[in-house]
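Colleague: Need coordinates for the following:
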Amino acid sequence: MGDHQHGPAKGMLRWLYTTNHKDIGTLYLWFSFAMFLLGGFFAMVIRAELFQPGMQLVEPAFFNQMTTLHGLVMVFGAIMPSFVGLANWLIPMMIGAPDMALPRMNNWSFWILPPAFLMLASTLFMEGGAPAFGWTFYAPLSTTYAPPSVTFFIFAIHILGVSSIMGSINIIATVMNMRAPGMTYMKMPMFVWTWLITAFLLVAVMPVLAGAVTMMLMDIHFGTSFFSAAGGGDPVLFQHIFWFFGHPEVYIIILPAFGVVSQIIPAFSRKPLFGYASMVYATASIAFLSFVVWAHHMYTVGMPVAGELFFMYATMLIAVPTGVKVFNWISTMWRGSLSFETPMLFSIGFLVLFTLGGFTGLMLSIAPADFQYHDTYFVVAHFHYVMVAGAVFSMTAAIYYWLPKWCGRMYSESMGKIHFWISFIGFNITFFPQHFVGLAGMPRRIPDYALQFADFNMMSSIGAFIYGASQLLFLYNVIATIVSGERVSDEKVWDGAEGLEWTVPTPAPYHTFEEPPLVSKPAGTF
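Modeller: This is a model prediction of the structure:
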């Protein structure tokens with residue numbers, strides 16, 4: 001369909017109708033950043049309330065609405081769409097495809113997201129308020145005691161799932177059918193591999209989430225008792241279904257991040273990724289194992305000791321392929337010609353902090369220990385170290401790394417470095433103390449707390465506002481780059497670093513990002 005059929009298809013219409021993978025990638029990235037700021041605002045409300053003990057700003061019920069929406073918006077609105085946007089931008093170029101395999105579906109999978117999140121956010125203004133049952137929406141709290149807005153929440157979740165499944169099918173079809181001649185599977189860049197595996201995970205688990213929320217809907221409106229013990233159902237069934245989705249979900253969030261740092265670390269180490277094949281197999285192993293560890297979120301529900309043992313050992317096993325990856329990244333940097341531009345700083349920050357999050361995860365995997373840690377701030381600290389320092393840091397690294405390639409202009413390197421250090425320091429001031437208050441027994445998801453936790457909570461809140469402020473600096477840097485950044489030469493575009501004009505020696509084709517034989521369509525064409 002040519003441009004001439006859309007004479008005035010400029011401005012809004014161009015973005016509404018676009019089937020171009022770059023346009024759609026851009027839409028995903030901007031949308032996810034908007035959601036990142038919204039979810040961040042919810043987090044600021046939470047941290048402001050917890051700045052000191054006693055009730056300050058908000059009612060307890062509203063505090064719980066904030067924790068729920070913060071989690072949902074960050075996971076489904078910020079992190080996942082941002083990596084889908086990255087996949088849209090990069091995968092066709094990385095495998096030498098002219099576009100995604102299913103461009104119309106690509107457009108549709110993005111445009112159903114904004115209405116879904118509008119609906120989710122609008123629950124704040126409904127009678128009874130937004131859902132206040134946490135992002136895990138455990139029944140019966142989310143079925144028997146939920147506000148009327150829970151129905152809108154369920155519909156929003158369905159739409160997000162449909163979007164994710166369509167995006168994944170598109171990625172699978174593209175990678176399997178549209179690789180350039182000679183681009184065998186074991187020559188694909190690591191980012192393409194991680195997303196291919198992630199897409200299979202998404203297709204496998206999103207219907208499980210859909211099943212869980214559909215059963216909720218039936219319990220609420222149609223008199224069934226899936227999760228109600230009074231009618232012969234079982235609330236713990238909800239937890240099993242939810243976590244069978246939820247645990248692979250956390251790997252869906254982190255695997256593309258692994259792909260990103262596997263591209264960036266070799267570039268700024270001036271040498272190929274160490275152990276490419278083992279990285280591919282490790283990624284596949286993590287994905288496979290993610291399906292057999294779900295009940296480690298549920299040690300305290302009273303499962304048999306044999307069940308606890310199985311889930312404990314299976315969870316510890318995931319540390320092995322993850323450790324392989326960390327070893328390979330460090331080995332890539334070992335004796336490399338390192339330079340510490342902004343993308344590399346964020347990648348190293350990712351490496352250090354994600355590994356720390358991995359160690360606390362290993363602690364949580366130990367069933368008898370988890371009885372103590374469960375539902376404390378120690379868990380909050382753990383998953384923010386893997387999600388924020390893992391997914392968000394690597395996403396930030398990706399933007400800095402590929403932005404000059406996307407818009408042909410160079411970001412301010414000094415501002416990027418300032419952004420990194422403020423983020424890094426703010427993040428650690430926020431979440432490191434939470435390990436201590438958690439081990440001391442402070443429970444999650446409460447608006448008030450005992451006096452002995454006051455100092456660490458004040459630190460946490462100050463750190464959170466520092467971290468939040470640094471993201472505004474990031475936003476400014478990105479916009480300034482697009483509008484008036486210094487134009488870059490091809491060499492600068494390639495490595496995303498200021499003034500560096502080098503080429504990586506290439507014994508094998510899989511670690512560089514070579515110009516593909518087929519070129520993507522220019523943005524704005526149909």
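
Colleague: Now do the strands in the stretch 201-350 of the chain.
Modeller: Remark: strands of the stretch 201-350 of the chain are absent; assignment by DSSP state E, counting those that start in this stretch.

Colleague: Please enumerate residues in contact with stretch 456-469?
Modeller: 40, 43-44, 47-48, 50-53, 422-423, 425-431, 433-434, 436-437, 449 (C-beta atoms under 8 Å, 6 or more residues apart in numbering). (C-beta placed from N, C-alpha, C; glycine too.)

Colleague: swap the cut-off to 6 Å and go again
Modeller: 40, 44, 47, 50, 51, 426, 427, 429, 430, 433, 436, 437 (C-beta atoms under 6 Å, 6 or more residues apart in numbering).

Colleague: Which strand or helix spans the third one?
Modeller: Read that as residue 47. Applying DSSP states H and E as the criterion places residue 47 in helix 21-49.

Colleague: model confidence over that helix, on average?
Modeller: In this model, helix 21-49 carries a mean pLDDT of 98.

Colleague: What is the subsequent helix or strand relative to it?
Modeller: Next along from helix 21-49, by DSSP H and E: helix 60-72.

Colleague: Check which helices and strands that next one sits against.
Modeller: helix 21-49 (3 or more C-beta pairs under 6 Å, 6 or more residues apart in numbering; DSSP states H and E).

Colleague: now the angle from the helix it packs on to helix 60-72?
Modeller: If you take axes from the mean of the first three to the mean of the last three C-alpha atoms, to 10 degrees, helix 21-49 sits at 150 degrees to helix 60-72.

Colleague: For helix 21-49, list every residue counted as buried.
Modeller: 21-29, 31-33, 35-36, 38-40, 42-49 (16 or more other C-beta atoms under 10 Å).

Colleague: In contact with the residue nearest the centre of the chain, which residues are there?
Modeller: Note on the chain: the residue nearest the mean C-alpha position is residue 79, at 3.2 Å, using C-alpha atoms, centre = their mean. Contact partners of residue 79, counting by C-beta under 6 Å, 6+ apart, are 253, 391.

Colleague: again, but for the one 4 residues further on
Modeller: For residue 83, the contact set (C-beta under 6 Å, 6+ apart) comprises residue 256.

Colleague: Output the host helix or strand of it as PDB, nothing but the C-alphas.
Modeller: Using DSSP H and E, residue 83 maps to helix 80-95. Listed next in PDB are the C-alpha coordinates belonging to helix 80-95 (Å, rounded to 0.1, in the frame of the first residue of the first chain):
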ATOM      1  CA  MET A  80       7.600  -5.300  28.900                       C
ATOM      2  CA  PRO A  81       6.600  -2.800  26.200                       C
ATOM      3  CA  SER A  82      10.000  -1.200  26.300                       C
ATOM      4  CA  PHE A  83      11.700  -4.500  25.400                       C
ATOM      5  CA  VAL A  84       9.100  -5.200  22.800                       C
ATOM      6  CA  GLY A  85       9.900  -1.800  21.300                       C
ATOM      7  CA  LEU A  86      13.600  -2.600  21.300                       C
ATOM      8  CA  ALA A  87      12.800  -5.900  19.600                       C
ATOM      9  CA  ASN A  88      10.800  -4.100  16.900                       C
ATOM     10  CA  TRP A  89      13.500  -1.700  16.200                       C
ATOM     11  CA  LEU A  90      16.500  -4.100  16.300                       C
ATOM     12  CA  ILE A  91      15.500  -7.600  15.300                       C
ATOM     13  CA  PRO A  92      14.700  -7.000  11.600                       C
ATOM     14  CA  MET A  93      18.000  -5.000  11.300                       C
ATOM     15  CA  MET A  94      20.000  -7.600  13.200                       C
ATOM     16  CA  ILE A  95      18.800 -10.600  11.100                       C
END
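
Colleague: tell me the mean pLDDT for that helix?
Modeller: Mean predicted confidence for helix 80-95 is 98.

Colleague: again, but for stretch 376-395
Modeller: Here stretch 376-395 scores 98 as its mean pLDDT.

Colleague: outside of it, which residues touch it?
Modeller: 79, 82, 253-254, 257, 260-261, 346, 349-350, 353-354, 356-357, 360-361, 364, 431, 434-435, 437-439, 442-444.

Colleague: Straight-line length of that stretch, end to end?
Modeller: 28 Å (C-alpha to C-alpha, to the nearest Å).

Colleague: Centre of the chain to that stretch, how far?
Modeller: 10 Å (C-alpha atoms, centre = their mean, to the nearest Å).

Colleague: Tell me the buried residues in stretch 100-108?
Modeller: Within stretch 100-108, judged by 16+ other C-beta under 10 Å, the buried ones are 100, 101, 102, 103, 105, 106, 107.

Colleague: Please list only the buried members of the contacts of stretch 376-395.
Modeller: Among the contacts of stretch 376-395, the ones that count as buried (16+ other C-beta under 10 Å) are 79, 82, 253-254, 257, 260-261, 346, 349-350, 353-354, 356-357, 360-361, 364, 431, 434-435, 437-438, 442.

Colleague: Run a quick neighbour tally on residue 372.
Modeller: Residue 372: 12 surrounding residues under other C-beta atoms under 10 Å.

Colleague: Low-confidence ranges, this protein, go.
Modeller: Low-confidence segments of the chain (pLDDT under 70): 1-9, 490-526.

Colleague: after the helix or strand where residue 457 lies, next one along is what?
Modeller: Assigned by DSSP H and E, residue 457 falls within helix 454-484. Tracing the chain C-terminally past helix 454-484 and defining elements by DSSP H and E, one meets strand 486-487 next.

Colleague: contacts for that next one?
Modeller: 409, 410.

Colleague: Over to stretch 299-307?
Modeller: So stretch 299-307 is in contact with 236, 308, 367, 370, 374, going by C-beta under 6 Å, 6+ apart.

Colleague: For residue 258, which non-adjacent residue is closest in space?
Modeller: residue 194 (5.3 Å; C-beta to C-beta, 6 or more residues apart in numbering).

Colleague: still on that earlier bit, looking at the buried residues of stretch 100-108, which is nearest residue 398?
Modeller: Residue 398 lies nearest to residue 100 out of the buried residues of stretch 100-108, by C-beta to C-beta, at 18.3 Å.
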